[in-house]
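A.B. asks: Need coordinates for the below:
(2 chains)
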Amino acid sequence: MPVKPVRCEHLVPVVADPAAGPAIPAAACQAHRVGVGRSEERLSRGRTPVDQQPTARTVGEAEPSDVHRLGIVCADDAPEAQVQAEAAQGAQPGGQNSEPARKGSGLGNLKIMARDQRSVTPQTEDFAAWYNDVVFRAELVDRGPVRGSMVIRPYGYRIWELLQADLDGRIKATGHQNAYFPLLIPQSYMQREAEHVEGFAPELFTVTHAGGKELEEPLIVRPTSETVIGEMMAKWISSHRDLPLLLNQWANVLRWEMRPRMFLRTSEFLWQEGHTAHATAADATAETMLALGFYQDMAGQTAALATVPGEKTPGERFAGAERTFTVEGMMRDGRALQLGTSHFMGTNFAAAFGITYTSESGTAELCHTTSWGMSTRMIGGLIMTHGDDKGLVLPPAVAPYQVVIVPIGRGEQVEPTVSAAIECAATLQRAGIRTHVDDRPQASPGFKFNDWEMRGVPIRLELGPRELADGTALMSRRLSYRQPEAVKEAIPLDAAPDLLRAELAAFQAMLARRAADFRDGHIAVVSSWPQFAAAVAVGWALALHCGQQACEDEIKTETTATPRCIPLAGEPDQGACVRCGKASAYGTRVIFARAY
RNA sequence: CGGGCUGUAGCGCAGCUUGGCUAGCGCGCGUGCUUUGGGUGCACGAGGCCGCGGGUUCAAAUCCCGCCAGCCCGACCA
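C.D. replies: Got it, this is the predicted structure:
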């Protein structure tokens, strides 16, 4: 992935929006937490006569192959100018009704709750509040009863399943096999690799009692599975013929979190962890890079995220690893999010767990191991990369519903429009397009439009008497290529499957392109400390660094920015450290950014 | 764990300063009518251990102490 550096002066505010009105102090936004409505119940209760035909309602699901087909699209479908226009578009304030609420005099500003409860906090006003509004209102998650826990609701879980299916395919296609290892790990296992224990000690959950009695040896709830899997690998590997051993598991892990944040930092999260053992360091290194490629590819092709792959600096390395690699994503507020990570362990774990093999020449040798993971955090990355003031924006490849059909009609027209919608959905479904019919009788069309836009559905079709008469549907995109956004387009129903497939592919490409442009526009090559500080305030800084831990710490204290990675594609460069002036390390520039 | 803020109906809030009427309002929810092409309107209705536990008082949503939870800012992290 090429890093296109721009000069510092090209940096722009994260979201340029002169129309957004006065900024409101974050403290005042307290009042703004948005709760979760009951529309889930509504969905299940709103039975209509037409609904007795169960085939049609949210008909089926696309085949995994369709997901891949949609996911891999060319990024050049949308002309640059349109993409630029979109970027500006995304920054516009949300729904039509949010305007009156935002103006208002001094006192009004303190009472933000005066704003329409139906719209989300604008990103420019408070990005964190915006994020919270979106995850709850789009019904991706709900809060669990225990601090730091998260309930992933059906709409959010479907996104995870789509990501999962994509990555699982990539993992299996390269010869890895899925397995499952236990949640509970003897405490002694954790202690065998010195750095590993030390690194994880502050975040461990420990089980001290079972069956009403205190355990002789406490159990650890896995924060990651290197230790159990290492133990099993030692048992399973004896000859070079057993290598490489390529394992993966989909699992939950628990790590105590001081400051939970939905998807980004919760005490329990879902992930995939790959664990492999190899004869040589070269093989293991190649594996490490292969896995990193999974994440980079899936982030770019499927999630439409813009990333920079690189190596972690020693201070950011995984506990127990020799080298750690990462795929860093750029969020719309200019912060970095680690989307996937891949570790070369050398022989550290092999030595700790006795993972050895007999070589061809008969000598006993230590294996070289790797591990790599991608978690539900990726969903947070999706939200913060594509979302706007109307709410979520989902790339078609991971959208639970790629198309939502809103039947429109009153009185006697309800039945025919709803059945037409259901029929249309069935056709699209057969064409591999995930389609949903919103036939809630009590909600007005306008409400549904806003609702599905908030939930990020890429394409909406309106089907009313007029369309029925001439065999068309009115299509509108969550983000359009044209201005003004509200433009709707009539499409012939009989050509809908092909047309929509193309639309979805174009939409996917447009998002990927937009994200890449945003990333490139927010990475600045900096050569002085003031430039550095300015750059990390709004985006990423590409800087020469001495590599000293103390210097890193100072940078962090002063700017809250940390080294995110040493880009793999970084051009050779050296000189004075941007902070302390000593000779630079790493042979190339390092990305510094504020991170999640 | 430190600093700041907040817990009253599903959600958003008022009431608390100065203790006392039946604890209110908006949205949402239910029923009926009316409506439906960008967040329909009207009527009626349901819904509240006022975060939890103690204390002061004739009397506590209101005052005092403790605890718990959530949000924002710092140290940790996929």
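
A.B. asks: Now the host helix or strand of A:A282: buried residues?
C.D. replies: Assigned by DSSP states H and E, A:A282 belongs to helix A:281-297. Of all the residues in helix A:281-297, those buried under the rule 16 or more other C-beta atoms under 10 Å are A:283-285, A:287-288, A:290-297. Where you see a C-beta, it was placed from the backbone N, CA and C, and this is true even at glycine.

A.B. asks: Just give me the closest of those to RNA strand B.
C.D. replies: Lowest distance from RNA strand B to these (C-beta to the nearest atom of the strand) belongs to A:Y295, with 9.7 Å.

A.B. asks: Just give me the neighbour total for the closest residue to the closest one other than its chain neighbours.
C.D. replies: Closest residue to A:Y295 apart from its sequence neighbours, by C-beta to C-beta, 6 or more residues apart in numbering: A:G340 at 2.9 Å. By other C-beta atoms under 10 Å, the residues close to A:G340 number 29.

A.B. asks: just to revisit the earlier point, can you list contacts of the helix holding A:A282?
C.D. replies: By C-beta atoms under 8 Å, 6 or more residues apart in numbering, the surrounding residues in contact with helix A:281-297 are A:1, A:167, A:170-171, A:174, A:243-244, A:246, A:274, A:276-278, A:307, A:309, A:323, A:325-327, A:339-346, A:368-370, A:372, A:374.

A.B. asks: go with 7 Å
C.D. replies: Contact with helix A:281-297 is made by A:1, A:167, A:170-171, A:174, A:244, A:274, A:276, A:278, A:307, A:309, A:325, A:327, A:339-340, A:342-344, A:346, A:368-370, A:372, A:374, as judged by C-beta atoms under 7 Å, 6 or more residues apart in numbering.

A.B. asks: rewinding a little: can I get the buried residues of helix A:281-297 in a markdown table with pLDDT?
C.D. replies: As requested, those are exported to a markdown table (pLDDT from 0 to 100):
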| residue | pLDDT |
| --- | --- |
| A:D283 | 98 |
| A:A284 | 98 |
| A:T285 | 98 |
| A:E287 | 98 |
| A:T288 | 98 |
| A:L290 | 98 |
| A:A291 | 98 |
| A:L292 | 98 |
| A:G293 | 98 |
| A:F294 | 98 |
| A:Y295 | 98 |
| A:Q296 | 97 |
| A:D297 | 97 |
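
A.B. asks: And the residues you listed, which is closest to A:E216?
C.D. replies: A:A284 (36.2 Å; C-beta to C-beta).

A.B. asks: Please point out which parts of the host helix or strand of A:A506 sit buried.
C.D. replies: Using DSSP H and E, the element containing A:A506 is helix A:496-521. By 16+ other C-beta under 10 Å, the buried positions in helix A:496-521 come out as A:496-497, A:499-501, A:503-521.

A.B. asks: follow-up on the earlier one: close to RNA strand B, is the helix holding A:A282?
C.D. replies: No - figure legend: helix A:281-297 not in contact with RNA strand B (C-beta under 7 Å from any atom of the strand); closest approach 9.7 Å.

A.B. asks: partners of the very next helix or strand once past the helix holding A:A506, with directions?
C.D. replies: Per DSSP H and E, helix A:496-521 leads on to strand A:523-525 as the next helix or strand towards the C-terminus. Paired neighbours of strand A:523-525 in the sheet (DSSP bridges): strand A:6-7 (parallel), strand A:540-543 (parallel).

A.B. asks: averaging pLDDT over each of those strands, which comes out lowest?
C.D. replies: Note on the strands paired with strand A:523-525: strand A:6-7 shows the lowest mean pLDDT, a mean of 32.

A.B. asks: burial count for the closest residue to A:P186 other than its chain neighbours?
C.D. replies: The shortest distance from A:P186 to any residue other than its chain neighbours is 5.8 Å, reached at A:E217 (C-beta to C-beta, 6+ apart). Neighbourhood size, A:E217 [other C-beta under 10 Å]: 8.

A.B. asks: Help me confirm that A:E217 comes into contact with A:Q187.
C.D. replies: Yes - contact criterion C-beta atoms under 7 Å: A:E217 and A:Q187 qualify, at 5.8 Å.

A.B. asks: Determine if any part of the helix or strand containing the residue nearest to A:P186 is in contact with RNA strand B.
C.D. replies: Counting by DSSP H and E, the element that carries A:E217 is strand A:213-221. No - judged by C-beta under 7 Å from any atom of the strand, strand A:213-221 stays clear of RNA strand B, getting no closer than 13.5 Å.

A.B. asks: tell me which residues in that strand are buried?
C.D. replies: Of the residues in strand A:213-221, those buried (16+ other C-beta under 10 Å) are A:218-221.

A.B. asks: what angle sits between the helix or strand following it and strand A:213-221?
C.D. replies: Once the chain leaves strand A:213-221, the next helix or strand it forms, by DSSP H and E, is helix A:226-236. Interaxial angle of helix A:226-236 relative to strand A:213-221 (axes from the mean of the first three to the mean of the last three C-alpha atoms, to 10 degrees): 90 degrees.

A.B. asks: State the next helix or strand along the chain beyond helix A:226-236.
C.D. replies: Assigned by DSSP H and E, the successor of helix A:226-236 is strand A:245-254.

A.B. asks: Pull stretch A:356-364 out as PDB, backbone CA atoms only.
C.D. replies: Presented in PDB, the C-alpha positions along stretch A:356-364 are these (Å, rounded to 0.1, in the frame of the first residue of the first chain):
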ATOM      1  CA  THR A 356      10.400 -29.000  19.200                       C
ATOM      2  CA  TYR A 357      10.800 -31.200  16.200                       C
ATOM      3  CA  THR A 358      13.400 -33.600  14.900                       C
ATOM      4  CA  SER A 359      15.100 -32.400  11.800                       C
ATOM      5  CA  GLU A 360      15.900 -34.400   8.700                       C
ATOM      6  CA  SER A 361      19.400 -34.800  10.100                       C
ATOM      7  CA  GLY A 362      18.000 -36.100  13.400                       C
ATOM      8  CA  THR A 363      18.700 -33.100  15.600                       C
ATOM      9  CA  ALA A 364      16.200 -31.700  18.000                       C
END
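
A.B. asks: Report the buried residues of it.
C.D. replies: Applying 16+ other C-beta under 10 Å to stretch A:356-364 flags A:356-357 as buried.

A.B. asks: Could you do stretch A:230-247 as well?
C.D. replies: Quick answer for stretch A:230-247 (16+ other C-beta under 10 Å): A:230-234, A:237, A:240, A:243-247.

A.B. asks: got the angle between the strand holding A:E217 and strand A:245-254?
C.D. replies: Going by the same axes, to 10 degrees, strand A:213-221 makes 120 degrees with strand A:245-254.

A.B. asks: Residue in the stretch 451-596 of chain A with the shortest distance to RNA strand B?
C.D. replies: Counting by C-beta to the nearest atom of the strand, the stretch 451-596 of chain A gets nearest RNA strand B through A:G464, at 2.4 Å.

A.B. asks: Contacts only, for that residue.
C.D. replies: A:408-409, A:417.

A.B. asks: For it, give me the pLDDT.
C.D. replies: So A:G464 comes in at 93 (pLDDT).
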